[in-house]
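Q: Provided below for reference: sequence and predicted model.
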Amino acid sequence: MIVLGIESSCDETAAALVNDKKEILGEALLSQEEHKKFGGVVPEIAARSHLEHIDTILEECFAKTNLTLNDVDAIAASAGPGLIGGVVVGVMTAKALAISLNKPFVAVNHLEGHALSSRISNDVEFPYLLLLVSGGHCQILVVKDVDDYERLGTTIDDAVGEAFDKVAKMLQLGYPGGPIVEKMASIGDENRFSLPRPLLGSQDCNLSFSGLKTAVRKIVETYSPDGDISHAYIPKQDIADICASFQYAATDCLCRKLKKAITYFKQNYPAGKHIVVSGGVASNTYLRSKLQQLADNNGLDFAAPPIRFCTDNGVMVAWAGLERFKKGYTSSLDFKPRPRWPLDTHAPKAAGAGGVKA
């Protein structure tokens with residue numbers, strides 16, 4: 001079984017071919033560079049770029065294989081959540097291929113793509129505990145099966161990846177901020193600045209990063225003669241120390257809330273063996289090391305996708321599409337792309353035979 005996956009939910013245009021032997025048969029990806037000068041993704045520019053490059057990306061993907069479109073069993077696309085203009089480009093492309101080839105169309109929740117991505121590269125069985133961390137999302141979930149999730153906690157304000165980007169912007173480090181902050185943090189003193197750990201007193205697994213981000217801003221303001229952070233001059237070592245202190249605090253928040261989730265997970269899902277991290281922030285090696293320690297200390301196995309598959313890519317969409325298709329999930333051609341699509345919302349089930357429609 002071979003599934004073609006298309007990803008266009010933010011600023012990566014990607015496609016991949018994956019089979020049910022967990023083999024990546026072909027892939028292609030274009031990361032849009034034009035957003036860097038704006039310090040963030042501009043939705044209209046992103047959508048236009050997807051439209052301009054999607055055909056070329058598909059051609060590049062197939063050029064790396066001996067396959068043709070007729071060899072594909074299903075067409076999957078990231079159908080939300082995301083920037084709706086880009087999502088529409090990917091979904092309409094997938095639908096057009098499905099119609100012309102008379103193949104099934106599978107609408108994939110972008111977050112499910114991240115959630116299941118570790119299963120293609122690791123021996124991870126259901127159920128498992130998932131920390132999903134990216135620029136737009138930050139959730140702790142139990143992954144019980146395909147299309148079956150229990151959300152234990154989420155951010156009540158900023159996602160952790162968004163906080164990384166905003167801290168980088170305050171420090172005038174560029175975009176995307178996550179990799180730059182991590183690099184600077186590697187030469188910094190994480191104990192130099194005392195930063196808050198929001199919501200640690202709450203009994204739930206929810207997270208908050210707005211106050212942490214504000215605390216960093218207040219530090220940056222002390223380096224400006226007029227309090228305007230754009231006028232701040234901060235020595236390189238101080239920047240590194242701020243980055244390290246922020247990364248330490250953000251990771252500490254994630255690990256402490258995840259520890260609460262582990263208690264619940266082990267009580268209610270005793271067969272579960274894994275803690276999994278996914279999403280763009282999962283490429284942070286400091287976070288990975290702390291999660292490995294947390295898993296070891298609690299008798300669980302730790303798993304994460306290869307770093308190159310943490311950020312948005314076609315492989316995760318193709319794999320999620322394949323997992324859904326194997327379960328009998330397909331989508332009707334009148335499926336509407338969704339700018340918002342909570343992962344713990346089940347796909348509506350169609351009446352009668354023929355699988356499940358989303």
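A: Great, that's in hand.

Q: for the protein, what spans make up the helices?
A: 43-63, 84-101, 110-116, 118-121, 160-170, 177-185, 210-221, 236-268, 285-297, 314-326 (DSSP state H).

Q: Ala206 touches Pro198, doesn't it?
A: Not Ala; residue 206 is Asn. No. Using C-beta atoms under 8 Å, Asn206 is not in contact with Pro198, being 9.7 Å away. For every residue, glycine as well, the C-beta is placed using N, CA and C.

Q: if I look at Ala295, how far off is Ala318?
A: Distance of Ala295 to Ala318, computed by C-beta to C-beta, to the nearest Å: 28 Å.

Q: coming back round to it: Asn206 and Pro198: who's more crowded?
A: Counted by other C-beta atoms under 10 Å, Asn206 and Pro198 do not tie: Pro198 has more neighbours, with 22 against 18.

Q: Quick check: the more buried one vs Val216, distance?
A: 13 Å.

Q: Ok, which of the helices of the chain comes nearest Met1?
A: helix 314-326 (6.6 Å; C-beta to C-beta).

Q: remind me which residues of the stretch 151-300 of the chain are low pLDDT?
A: Applying pLDDT under 70 to the stretch 151-300 of the chain flags no residue at all.

Q: Swap in 90 and give it another go.
A: Scanning the stretch 151-300 of the chain for pLDDT under 90 picks out 200-201, 226-228, 230.

Q: Might one say that Ile120 is in contact with Ala320?
A: No. Using C-beta under 8 Å, Ile120 makes no contact with Ala320, being 9.4 Å away.

Q: higher neighbour count, those two?
A: Ala320 (30 against 21).

Q: What pLDDT does the model give the more buried one?
A: Per-residue confidence at Ala320 stands at 98 (pLDDT).

Q: separation between it and Leu171?
A: Ala320 is 35 Å from Leu171, where distance means C-beta to C-beta.

Q: same deal with Asp241?
A: 11 Å.

Q: Comparing these two, which residue is more hemmed in?
A: Using other C-beta under 10 Å, the more surrounded residue of Asp241 and Leu171 is Leu171, with 25 against 22.

Q: and the residue nearest to that one when sequence neighbours are not counted, how many neighbours?
A: Distance criterion C-beta to C-beta, 6 or more residues apart in numbering; nearest residue to Leu171, sequence neighbours excluded, is Ile239 at 5.4 Å. Using other C-beta under 10 Å, Ile239 has 21 neighbouring residues.

Q: And Phe246, by the same measure?
A: 29.

Q: Show the contacting residues for the residue nearest to the spatial centre of the chain.
A: By C-alpha atoms, centre = their mean, the chain has its centre lying nearest to Gly279, at 2.7 Å. Contact analysis of Gly279 by C-beta atoms under 8 Å, 6 or more residues apart in numbering lists 114, 132-134, 137, 161, 310.

Q: how about a cut-off of 6 Å?
A: 114, 132-134 (C-beta atoms under 6 Å, 6 or more residues apart in numbering).

Q: now do Leu291
A: Counting by C-beta under 6 Å, 6+ apart, Leu291 has contacts 277, 302.

Q: cool, and Thr155?
A: Per C-beta under 6 Å, 6+ apart, neighbours of Thr155: 138, 207.

Q: Not counting sequence-adjacent ones, nearest residue to the residue of the chain most remote from its centre?
A: Centroid-distance maximum for the chain: Pro225 at 38.5 Å, with C-alpha atoms, centre = their mean. The shortest distance from Pro225 to any residue other than its chain neighbours is 6.6 Å, reached at His231 (C-beta to C-beta, 6+ apart).
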